[in-house]
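Trainee: Got a predicted structure plus its sequence, pasted below:
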Amino acid sequence: FVSTPTFEIDGTCLPCHELGGDYIDQFDLGGGRHALVIADVCGKGIAASLLAATLQGAIAAEIGESRPLGEIVARLNRVHCRLAPIGKFITMVVAIIEPDGSVDLVNAGHCPVLHAHAGGVTQIVTDGMGLGLDEDASYQNHRLHMQPGDSLLLYTDGVGECEGVNRELFGEQRLEQIVRGARGQSASTILGGIMAAVDGFRGAVAVSDDLSLLVVCRQ
């Protein structure tokens, strides 16, 4: 991932099969603006990876347009509803970061985005449904301004649902504790801390779902 003068960005994707259904990406929109995407395609293996590739192409075609982000996601949803098999939905977060520290994001049925700031950690969910469930679905944009030291964590449900040796789940509370305690640290340090915590938690238990993370830190 490419960091900017305003934001440091790091991410990883650990598929549970050779081909996974998780998708993370970054698009340079010019003028210091970047779009970040994290998505989880229903299912695993080749079929899910093909849908993820189709989504990537649709996002590349739409993301540079001068439309509100919610409208862009609604257009992506209509494309997916027309092309994907019934029942093959996608949950997704799209965030656009600005040089002044502002962030616009849309959460389409995905895990909450965690915003770590001086006052604690805020979960961001914009009530949009996953892509492919309703062709007429609408999506609301959430805007926030990140201060130096703030961080955003975007992740797929494979992180929170990672199982330990006693079949206990890693859970979102552990994620919140990590990002709360890591405020002011670099994106790579936060990412490394989360992955180390997940690996330590699961021990020898194999990953049962794709596991993806994106960390965005205001410098």
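Mentor: Done, it's in.
Trainee: C-alpha from now on. contacts and neighbour counts both.
Mentor: OK.
Trainee: May I see the buried residues of the helix or strand of the chain with the lowest mean pLDDT?
Mentor: Each helix and strand of the chain was given a mean pLDDT (mean pLDDT, DSSP states H and E); the minimum falls on helix 45-62 at a mean of 86. By 16 or more other Cα atoms under 10 Å, the buried positions in helix 45-62 come out as 48-49, 51-52, 55-56, 58-59, 62.
Trainee: any chance of those in JSON lines, plus distance to His110?
Mentor: Formatted as JSON lines, the buried residues of helix 45-62 follow (distance: Cα to Cα, whole Å):
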{"residue": "Ala48", "distance to His110": "16"}
{"residue": "Ser49", "distance to His110": "18"}
{"residue": "Leu51", "distance to His110": "17"}
{"residue": "Ala52", "distance to His110": "15"}
{"residue": "Leu55", "distance to His110": "15"}
{"residue": "Gln56", "distance to His110": "17"}
{"residue": "Ala58", "distance to His110": "18"}
{"residue": "Ile59", "distance to His110": "17"}
{"residue": "Glu62", "distance to His110": "20"}
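Trainee: Of those, which is the nearest to Gly158?
Mentor: Ala48 (14.7 Å; Cα to Cα).
Trainee: Quick check: which ranges of the protein have low pLDDT?
Mentor: Filtered on pLDDT under 70, the chain yields the residue ranges 16-20, 44-45, 208.
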